[in-house]
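Asks: structure for this input, please:
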Amino acid sequence: MFAARQVTRSVFGAASRRAFSATAFNASKVVVLGSAGGIGQPLSLLLKLNPRVSELALYDIVLGPGVAADISHINTKSNVKGYTPDPAGIKECLTGADIVLIPAGVPRKPGMTRDDLFNTNASIVRELAKSCADHCPDANILVISNPVNSTVPITAEVFKSKGVYNPKKLFGVTTLDVVRASRFISQVKGTDPANENITVIGGHSGATIVPLLSQSGHSLEGKERDDYIHRVQFGGDEVVAAKDGKGSATLSMAMAGARFAESLLKAAQGQKNVVEPTFVDSPLYKDQGVTYFASNVTLGPNGVEEIHPVGKISEFEQGLLDKCLVDLKGNIEKGEKWAQENPGK
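Replies: This next block holds a predicted model:
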């Protein structure tokens, strides 16, 4: 049986090994909205193992308190409390939050794209965003619910409607794309995946996911390159198929969400030069009508500190980026239009 310290070392890497040896961190309240779902439960578990989290608040329409009771027994210092879906509960859950992660929503089924999830998940994210805007407008909001290319703009429109939008504190979690790109290239090249960190730009679905091998020191050609790109772009389909339609990429997504939350916590607690890929309100391609874009971002105490340009890319990658921008623009506009036409109650 592994101790919590050993598990966390393997999940969060060298930085968290140092973190465990530290005596104290600033108090940080982290909230998971959708904590009883396929992503929410393992994500909540990983956050309980993170020594930077002092308070963990777990909300879901069912089983929130049950998940909280379960992981509260783990021998780490953070306090855990679960909340049920009533106005007083979600207000208490969100008040004072530093980071809110939103994995709530329905999972993909065979043959579904992230875009197929839109109508259901759009409504869920809208209502949760309203609660965040009301009760923790200054928190960092991490959107995991798919389709991220549209749910992030929906969240932004909700915050704008309430006059509390801060583009530096709204993030679409695209970390899984980097995790996959790095793992998959290690399998092709026979390298240690822990030493790979492939830059991935664009969005978080299909052709909007653009891995930049040219910036990593690797090169692939022909079918090998095409197969690699397809696997990075459609890795979620691989998982849905392998689970026979009974689930989607929940465990790997939970790890990616926990990694991004860890990076934000490190930045908030004073660590410098924390860089992660993420889907944010970005100036990089606004002249082409693409108002949100995933690229490497330096994180700081107030969220987004610097949005890094894409940099030099190959002709092949430019072709991928051109296609990405067309699709991404449509995804973003769809989210914005839906939010404006469906404000809810």
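
Asks: and residue 304, what element?
Replies: Element membership for residue 304 (DSSP states H and E) is strand 303-307.

Asks: low-confidence ranges, the stretch 101-250 of the chain, go.
Replies: Applying pLDDT under 70 to the stretch 101-250 of the chain flags the ranges 108-115.

Asks: tell me where it has helices.
Replies: Using DSSP state H, counting those that start in this stretch, the helices of the stretch 101-250 of the chain run over residues 118-135, 148-161, 175-189, 222-233, 235-242.

Asks: okay, those in a markdown table with distance to residue 326 and mean neighbour count next?
Replies: C-beta coordinates here come from the backbone N, C-alpha and C atoms, glycine included. Converted to a markdown table, the helices of the stretch 101-250 of the chain look like this (distance: least, CB to CB, whole Å; neighbours: other CB atoms under 10 Å):
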| stretch | distance to residue 326 | mean neighbour count |
| --- | --- | --- |
| helix 118-135 | 18 | 20 |
| helix 148-161 | 12 | 26 |
| helix 175-189 | 19 | 21 |
| helix 222-233 | 15 | 15 |
| helix 235-242 | 21 | 17 |
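
Asks: how near is the residue nearest to the spatial centre of the chain to residue 277?
Replies: For the chain, the residue nearest the mean C-alpha position is residue 173 (2.0 Å; CA atoms, centre = their mean). Using CB to CB, to the nearest Å, we find residue 173 at a distance of 9 Å from residue 277.

Asks: quick one: closest of the helices of the stretch 101-250 of the chain to residue 80.
Replies: Closest to residue 80 of those is helix 118-135 (CB to CB; 18.9 Å).

Asks: who does the closest one touch, helix- and strand-wise?
Replies: helix 87-94, strand 99-102, strand 140-143, helix 148-161, helix 315-341 (3 or more CB pairs under 8 Å, 6 or more residues apart in numbering; DSSP states H and E).

Asks: which residues sit against it?
Replies: Outside helix 118-135, the residues within contact range by CB atoms under 8 Å, 6 or more residues apart in numbering are 33-34, 90-91, 94-95, 97, 100, 102, 104-106, 139, 141, 143, 145-147, 150-151, 154-155, 158-159, 162, 164, 334-335, 338-339, 342, 344.

Asks: same thing with stretch 214-234?
Replies: With CB under 8 Å, 6+ apart, stretch 214-234 has contacts from 177, 180-181, 184-185, 188-189, 196-200, 206-207, 209, 211, 213, 238, 311-314, 316-317, 320.

Asks: if you set the cut-off to 6 Å instead, what comes out?
Replies: 180, 181, 184, 185, 198, 199, 206, 209, 211, 313, 314 (CB atoms under 6 Å, 6 or more residues apart in numbering).

Asks: got the buried residues for the strand holding residue 304?
Replies: By neighbour count on 16 or more other CB atoms under 10 Å, the buried set for strand 303-307 is 303, 304, 305, 307.

Asks: what does the pLDDT read for the last one?
Replies: This points to residue 307. We have a pLDDT of 98 for residue 307.

Asks: who's in contact with it?
Replies: Neighbour list for residue 307: 282, 297 [criterion: CB under 6 Å, 6+ apart].

Asks: ok, the closest residue to residue 310 other than its chain neighbours to residue 221 distance?
Replies: Leaving out its chain neighbours, the residue that sits closest to residue 310 by CB to CB, 6 or more residues apart in numbering is residue 201, at 5.7 Å. As judged by CB to CB, residue 201 and residue 221 stand 21 Å apart.
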